[in-house]
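Student: The following comprises the amino acid sequence and a computationally predicted model.
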Amino acid sequence: MEKREQWGKKREYILAVAGNVVGLGNVWRFPYLCYKNGGGVFLFPYLIFAVLCGVPLFLMETVIGQYTQEGAITCWNKICPLASGIGYSINVIQLYATIYILILAWALLYLIYSFRGTLPWATCSNPWNTDRCVDLTSANWTALHTGNLTGNWTSGNLTKSSVSEFWERGVLSMSGGIDEVGTVKWELLLCLLACWVACYFCIWKGVRSTGKVVYVTAVFPYVMLVILLVRGLTLPGAWQGVVYYLYPEPSRLADLEVWMEACAQVLFSYGVGAGTLTTLGSYNKFKNNCYRDSLWLCVLNSCTSFTAGFAVFSTLGFMAQAQGIPINMVVDSGPGLAFIAFPQAVAMMPLPQLWAVCFFIMLILLGLDTTFSGLETITSSVIDMFPKTMRRPRRREIFLLLLCFVCFILHILLTTQGGIYLFQLVDHYGANGACILFVSMVHCVAVGWAFGAERTCDAVEEMTGQRPWVLFKLCWRYFTPLICMVCFICSFVDYQPLTFGDYVYPDWAYYLGWAIALSSIIVIPIWAIGKIYLTKGSLRQRLLVLWHPDSDHVDPKTNKENLLNKTERKLMSAPLPDML
């Protein structure tokens, strides 16, 4: 049986975590949320939640992995066996999150088209274009400035931009709804296959291969971001975009939705509640200074989000000025920004192919390391559960190959004409904010109360020689779980049914969505009930045994269970924690 792997060099771990947490959400979600929710004022709730939720959860999950040297499931045997369902819930979420590899397939297809002499989304002379299409040639710019096309453009009924038609008809070939599956887009399917092959070979040898790949996947996106930032800020109209990005509206702080979106963005961008931080941290040496690493990585993540906003909005400001339309007509979030607004902007620049290649390479690499970190979480969880079977030559490679193959087969449905509707459904319900909030809340209860915040601080001091600030102990026990609980409840109170543009999903799709959402949440209580049922003793004895780590129930001299002797008597004499 092979030994559990460790990072070859410290910088490989830093780059792997940086690549995991700095993803697509930093580029296409944070700038839009900042503009939408009060500009510079949005930074105030964002920083509050970063300090009270993001950083404490980031550190806590990293400490769990490094201290236990176990994956996302087995680590809980050493923390709080009653909470082992967290690991299974995380793996369910990660399985749903594999659909994001479709974004890489879209970006790869755009990248391939970027090497053409004329960008296909910049003209209306393609087979997929209709007679409603309006391209972005100089003549049409002049017409837009003189007002000849302004009415049609703004109404959206009589004309359609060439970029939108390329996205909807050229790339997706969208059907009428989720009920109409349609045919498979073969070029998109081949791109999806290429992305799965790339993910497989990035992690097939464990951290030995991942540690080398992250030198490219984590560093190169920053090079591309700097290039796009410099180029964006030198474009005419860039200042107009920056003002829209950061223009403060203090009145927005009274809106509950602003605070909810700030909390959700912190949890998403910091990568907490997903098990990847625990997994990547478990490959560290025991004495690694994870406390310092976590603080600096959180700062890096937030600074990247803030900086990306200047690159994005300076470019959108240029596009708004070039078209003579308000900037709020070109601002969008998610796929709309990455595959409509930004391609439209680069098509207007000199050397558009160069800037398109830079942008889509950045997107691919940003999403690639986040995707293979999720796959590594699933793989390491299974290997640590069955070490005698899985830690043998080529067992890891075979299991990972089967996992990637099964996921690829399932994702073929996403490459059909109706695939975008299914993608949006799984994206909205499968790995949504409510699931992450619930997992993070249970995380804090298990670590802050069962394992103990004081003991967690002792573990950090034992590994790093530094004791965490008192604020972290307060967050693990009180602030973070309370905030997560309140936001979790508010997410249901403020629930809005999923729509896709003007399209309303059928009722059965909403039922499927709720089943997907609950499938990851319900695992935690079901697992806890099952553990209680299978444990011997009275209900109080069972709760006491499962509430505390396995090490509390083992005689250090004989390394055997001593549940019915002094440990059990000590536990039975102690009161149950208030949070239980």
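Tutor: That came through, no problem.
Student: looking at it, Ser282 is touching Lys78, isn't it?
Tutor: No. The pair formed by Ser282 and Lys78 falls short of the contact definition of C-beta atoms under 8 Å, at 11.2 Å. Every residue, glycine included, has its C-beta placed from N, CA and C.
Student: overlap in contacts of the two?
Tutor: Taking C-beta atoms under 8 Å, 6 or more residues apart in numbering as the contact criterion, the common neighbours of Ser282 and Lys78 are Thr68, Glu70.
Student: which of those two has more neighbours?
Tutor: In terms of neighbours (other C-beta atoms under 10 Å), Ser282 is the more surrounded of Ser282 and Lys78; the figures are 24 against 16.
Student: where in the stretch 101-250 of the chain is pLDDT low?
Tutor: Using pLDDT under 70 as the threshold, the predicted model of the stretch 101-250 of the chain has low-confidence ranges 136-158.
Student: how about the strands in the stretch 1-150 of the chain?
Tutor: 133-134 (DSSP state E, counting those that start in this stretch).
Student: Now do the helices in it.
Tutor: Along the stretch 1-150 of the chain, counting by DSSP state H, counting those that start in this stretch, helices occupy 10-21, 24-28, 30-36, 43-49, 55-68, 85-97, 101-113, 138-146, 150-155.
Student: Nearest to Leu410, out of these?
Tutor: Go through the helices of the stretch 1-150 of the chain one by one with C-beta to C-beta and the one that ends up closest to Leu410 is helix 85-97, at 9.5 Å.
Student: How far away from the center of its chain is the closest one?
Tutor: Using C-alpha atoms, centre = their mean, to the nearest Å, the mean C-alpha position of helix 85-97 is found 13 Å from that of the whole chain.
Student: Give me the three-state assignment for the nearest residue to Lys10 once chain neighbours are set aside.
Tutor: Distances taken as C-beta to C-beta, 6 or more residues apart in numbering put Asn288 closest to Lys10, at 7.0 Å, once the chain neighbours are dropped. Three-state call for Asn288 (DSSP: H, G, I helix; E, B strand; the rest coil): coil.
Student: Dump the helices of the stretch 1-150 of the chain into TSV; add mean neighbour count and distance to Leu482 as well.
Tutor: Formatted as TSV, those follow (neighbours: other C-beta atoms under 10 Å; distance: least, C-beta to C-beta, whole Å):
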stretch	mean neighbour count	distance to Leu482
helix 10-21	23	24
helix 24-28	24	25
helix 30-36	22	23
helix 43-49	19	12
helix 55-68	26	12
helix 85-97	24	18
helix 101-113	23	34
helix 138-146	14	51
helix 150-155	14	46
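Student: And the ones you listed: which comes nearest Leu498?
Tutor: Between Leu498 and the helices of the stretch 1-150 of the chain, the shortest separation by C-beta to C-beta is 14.7 Å, and it involves helix 85-97.
Student: Export only the CA atoms of that closest one, formatted as PDB.
Tutor: C-alpha atoms of helix 85-97 as PDB (Å, rounded to 0.1, in the frame of the first residue of the first chain):
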ATOM      1  CA  GLY A  85     -22.500  13.500   6.700                       C
ATOM      2  CA  ILE A  86     -20.800  16.800   5.900                       C
ATOM      3  CA  GLY A  87     -18.300  15.000   3.900                       C
ATOM      4  CA  TYR A  88     -20.900  13.100   1.900                       C
ATOM      5  CA  SER A  89     -22.900  16.300   1.400                       C
ATOM      6  CA  ILE A  90     -19.800  18.100   0.000                       C
ATOM      7  CA  ASN A  91     -19.100  15.300  -2.400                       C
ATOM      8  CA  VAL A  92     -22.700  15.400  -3.700                       C
ATOM      9  CA  ILE A  93     -22.300  19.200  -4.200                       C
ATOM     10  CA  GLN A  94     -19.000  18.500  -6.000                       C
ATOM     11  CA  LEU A  95     -20.700  16.000  -8.300                       C
ATOM     12  CA  TYR A  96     -23.200  18.700  -9.300                       C
ATOM     13  CA  ALA A  97     -20.500  21.200  -9.700                       C
END
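Student: Now do it, average pLDDT.
Tutor: What helix 85-97 shows for mean pLDDT is 93.
Student: Which of the helices of the stretch 1-150 of the chain sits closest to Trp355?
Tutor: Proximity to Trp355 (C-beta to C-beta) singles out helix 101-113 among those, at 12.1 Å.
Student: State the phi and psi torsions of the residue nearest to Lys10.
Tutor: Comment: the main-chain dihedrals of Asn288 come out as phi -70, psi 140, following degrees, to the nearest 10.
Student: how about the helices in the stretch 251-400 of the chain?
Tutor: Read by DSSP H, counting those that start in this stretch, the stretch 251-400 of the chain holds these helices, from start to end of the chain: 256-270, 276-282, 290-323, 335-336, 342-347, 352-385, 387-390, 395-411.
Student: need the ones you listed in JSON lines with distance to Val184 and mean pLDDT, can you?
Tutor: Converted to JSON lines, these look like this (distance: least, C-beta to C-beta, whole Å; pLDDT from 0 to 100):
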{"stretch": "helix 256-270", "distance to Val184": "30", "mean pLDDT": "90"}
{"stretch": "helix 276-282", "distance to Val184": "31", "mean pLDDT": "94"}
{"stretch": "helix 290-323", "distance to Val184": "32", "mean pLDDT": "90"}
{"stretch": "helix 335-336", "distance to Val184": "20", "mean pLDDT": "78"}
{"stretch": "helix 342-347", "distance to Val184": "24", "mean pLDDT": "85"}
{"stretch": "helix 352-385", "distance to Val184": "21", "mean pLDDT": "92"}
{"stretch": "helix 387-390", "distance to Val184": "34", "mean pLDDT": "88"}
{"stretch": "helix 395-411", "distance to Val184": "11", "mean pLDDT": "94"}
